[in-house]
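Peer 1: with the input below, show me the fold.
(one chain, ligands or ions: 1)
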Amino acid sequence: MTDLKAESAKQNSEEHAVFLEAENIVKSYGGVHALKGVSLTLRAGEVHGLVGANGAGKSTVIKVLAGLTRADGGRIRIDGRDVEVATPHQASDLGMNFIHQELAFIPSMTVMENIMLGLPKKTHFGWVDWAAIEKDIAPIAARVGLKASLSTNVKTLSTAENWLVNICRALVRKARLIVMDEPTASLSANEAERLFAIIEDLSRSGVAVLYVSHRLDEIMRLCSRVTAFRDGRSVACLEGETLTRENLVEAIVGGAVEPLVREERHAIDGPVALSVSGLKRLPRVRGVDFSLRKGEVLGIGGLVGAGRSELARLIYGADRVDGGKMELNGIPFAPRSPSEAVHKGLGFVPEERRSEALLLTKSLAFNMQIANLSNIIRSPALPLIDYRKRRTKSEEIIRDLAIKTDGVDTPVGRLSGGNQQKVVIGRWLLRRPDVLILDEPTRGVDIGARGEIHRLIRDLAAEGMAVLVISSEPDELPDLCDRVLVMVEGLITRELTGEEMNRNAIIEASYAQAS
Ligand SMILES: Nc1ncnc2c1ncn2[C@@H]1O[C@H](COP(=O)(O)OP(=O)(O)OP(=O)(O)O)[C@@H](O)[C@H]1O
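Peer 2: Residues are numbered from 1 along each chain as shown. Model prediction:
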């Protein structure tokens, strides 16, 4: 990629026109002050970063700009004129387009129908003229590198292709601003590179991009200016020489973050907690063997789509196994459901936390204790929930993980995305299973909490828990693990330990072909 950051900084220094100004936006939900006063200025053609800890208010301000939520105060100006953004339709008419993490398409429709949703369509004798529409969209699809046919059903597309369709949708609407929320969260390294090249192209053509992410490397690489939110306020807009990683971290957390001291990692020689041999579910998992010892943190690296989450789902009983065997603490283990797996001593944090792990309308305390009733009943003879105990234990975890909430009774659905994630992790800190499987444990989690979660995982292992961590971030596994396995096309192809266990070796092994 060419040096987008330098180019975009140059563009800004040439005083590109201000497209959007949001000034002193305030928003409360009941007693929760989500935005206490945030301001943001976006110029045409700039890639502008938006950073902040979990719960700092990033999603809320995006919802205000998108016309999904009404602010209680403040003003929004576009091209210097005060505007009202009361509906998503108005936001789109003003040139603002939004690509959220949960990509919103109508699954039964084609790519073209989804792109054109809500727009007036060309007609021919009263019929929608799809052939003419396709002709109009084709050059835009080619520009972003969308190879899938426009008449394919969106259901069949990969996450990366979904992103491209979303960008096409924005360009068809003549977007002047595209807001991208954690864009690389589900993309492989190659797909992310492709997205960066598209962002570069958008920036050159004068489209502003608001890039919201916890991944500071990407922010540093792509953005010429970055606004930081802290606790519902915009606390800094960094650019030029002030835009350094240290300044960003300081603006996000209000101080320096202690790095995880990476102690010398030794081979773990405790007894085997989980052994897996020949485990299969075709076509994604093609015969996997490994053993995980008590006290060990074992990482599984690889590309998105290599079969790692599918492997985890087989272990915790969410999917049926086609072949192979497992043992937990030396005893044959073949769970037919996640609840059976939990009952036998397994814990898991799935990749899709919102849909698979949380009851969003239930309280934080309920969600934390859901797998954990034996710890909070009064006595085995009197199996009634001790609500005081439940509250105290939940409060401890809220403190340890710095979960941002106004109390243990708050419904989990009202927490920010990253804080919801911490609740699922907190659940297993309370239960302390023999084996804990974490699929992308720090995705969407801010830099402070990431360190805290890493520290907690190491502490759990030090107490004897066996931990399996799946991560697509090659930096995360060497920081955290005693040993790393790399999975390619449904098979474990490499084991990395000691000096060999580094970022480059993981990337290299991830791209090697499976036999
Ligand atoms: N519908 C709601 N009801 C009550 N509180 C809410 C609601 N939506 C958001 N909040 C609160 O507003 C605050 C800001 O949340 P927001 O989702 O904007 O944070 P964020 O910066 O996007 O966090 P993350 O990085 O975790 O996604 C949080 O304290 C959150 O709990």
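Peer 1: write out the residues of the protein neighbouring the ligand.
Peer 2: 29, 32, 34, 52, 54-60, 404, 414-419 (Cβ under 6 Å from any ligand atom). All C-beta spots, glycine's among them, are computed from the backbone N, C-alpha and C.
Peer 1: buried subset of these as a ChimeraX selection?
Peer 2: Buried members of the residues of the chain next to the ligand, defined by 16 or more other Cβ atoms under 10 Å, are picked up in ChimeraX with:
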select :32,34,52,54,55,56,57,58,59,60,404,414,415,416,417,418,419
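Peer 1: so which of the residues of the chain next to the ligand sit within helices?
Peer 2: Residues of those located in helices (DSSP state H): Lys58, Ser59, Thr60, Gly417, Gly418, Asn419.
Peer 1: closest one of those residues to Phe366?
Peer 2: Asn419 (15.5 Å; Cβ to Cβ).
Peer 1: looks like the closest one contacts Asp406 (just checking).
Peer 2: No. Using Cβ atoms under 8 Å as the test, Asn419 is too far from Asp406 to be in contact (11.4 Å).
Peer 1: thinking again about what came up before, any idea which of the ones in helices among the residues of the chain next to the ligand is closest to Leu496?
Peer 2: Checking these against Leu496 by Cβ to Cβ gives Gly418 as the nearest, at 28.8 Å.
Peer 1: name the nearest residue to the closest one, ignoring sequence neighbours.
Peer 2: Of all residues not flanking Gly418 in the chain, Asn54 sits nearest, at 2.9 Å (Cβ to Cβ, 6 or more residues apart in numbering).
Peer 1: quick one: that neighbour and Thr87, what's the gap?
Peer 2: Asn54 sits 28 Å away from Thr87, going by Cβ to Cβ, to the nearest Å.
Peer 1: can you give me the strands in the stretch 301-450 of the chain?
Peer 2: Taking DSSP state E, counting those that start in this stretch to define them, one finds strands in the stretch 301-450 of the chain at 323-328, 331-332, 346-349, 377-379, 382-385, 435-439.
Peer 1: mean pLDDT added to the ones you listed, as TSV?
Peer 2: Supplementary listing: the strands of the stretch 301-450 of the chain in TSV, determined by pLDDT from 0 to 100:
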stretch	mean pLDDT
strand 323-328	95
strand 331-332	96
strand 346-349	90
strand 377-379	46
strand 382-385	52
strand 435-439	94
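Peer 1: could I get those as CSV with distance to Leu292 and mean neighbour count?
Peer 2: Listed next are these as CSV, based on distance: least, Cβ to Cβ, whole Å; neighbours: other Cβ atoms under 10 Å:
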stretch, distance to Leu292, mean neighbour count
strand 323-328, 10, 16
strand 331-332, 15, 8
strand 346-349, 11, 24
strand 377-379, 30, 11
strand 382-385, 32, 10
strand 435-439, 7, 25
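Peer 1: to Gly45, which of the ones you listed lies closest?
Peer 2: When the strands of the stretch 301-450 of the chain are compared (using Cβ to Cβ), the closest one is strand 435-439, at 37.6 Å.
Peer 1: residues making contact with that closest one?
Peer 2: 273-274, 292, 308-309, 312, 315-316, 328, 345-351, 425, 428, 457, 460, 465-470 (Cβ atoms under 8 Å, 6 or more residues apart in numbering).
Peer 1: now do 7 Å
Peer 2: Outside of strand 435-439, the residues within contact range by Cβ atoms under 7 Å, 6 or more residues apart in numbering are 273-274, 292, 309, 312, 315-316, 328, 345-351, 428, 460, 465-470.
Peer 1: ditto for stretch 448-458
Peer 2: Here stretch 448-458 has contacts from 53-54, 253, 257-258, 260, 297, 401-402, 418, 422, 425, 429, 441-442, 445, 467, 479-480, using Cβ under 7 Å, 6+ apart.
Peer 1: equivalent analysis for stretch 393-407, please.
Peer 2: Outside stretch 393-407, the residues that touch it by Cβ under 7 Å, 6+ apart are 31-32, 54-55, 364-365, 368-369, 375-376, 408, 415-416, 419, 422-423, 425-426, 429-430, 448-449, 452.
Peer 1: quick one: end-to-end length of that stretch, please.
Peer 2: 13 Å (Cα to Cα, to the nearest Å).
Peer 1: cool, stretch 61-78 as well?
Peer 2: Using Cα to Cα, the gap from the first to the last residue of stretch 61-78 comes to 16 Å.
Peer 1: and it, how far out from the chain middle?
Peer 2: For stretch 61-78, the separation from the chain centroid amounts to 24 Å (computed by Cα atoms, centre = their mean, to the nearest Å).
Peer 1: equivalent analysis for stretch 123-138, please.
Peer 2: The answer for stretch 123-138 is 37 Å, by Cα atoms, centre = their mean.
Peer 1: mean confidence score for it?
Peer 2: Predicted confidence along stretch 123-138 averages 79 (mean pLDDT).
Peer 1: am I right that Val272 is in contact with Ser291?
Peer 2: Yes. The pair Val272 and Ser291 passes the contact test of Cβ atoms under 7 Å, sitting 4.7 Å apart.
Peer 1: quick one: Ala56 and Thr227 touch, right?
Peer 2: No. Here Ala56 does not reach Thr227: they are 10.8 Å apart, not a contact under Cβ under 7 Å.
Peer 1: list the residues that contact the residue nearest to Gly418.
Peer 2: Shown in contact with Asn54 (Cβ under 7 Å, 6+ apart): Lys404, Ser416, Gly418, Asn419, Val445, Asp446, Ala449.
Peer 1: contact partners for the third one?
Peer 2: In this case it means Gly418. By Cβ under 7 Å, 6+ apart, the residues touching Gly418 are Asn54, Gly444, Val445, Asp446, Ala449.
Peer 1: which of the contacts of stretch 448-458 are buried, as a PyMOL select command?
Peer 2: To isolate the buried members of the contacts of stretch 448-458 in PyMOL, using 16+ other Cβ under 10 Å:
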select buried, resi 53+54+253+257+297+401+402+418+422+425+429+441+442+445+467+479+480
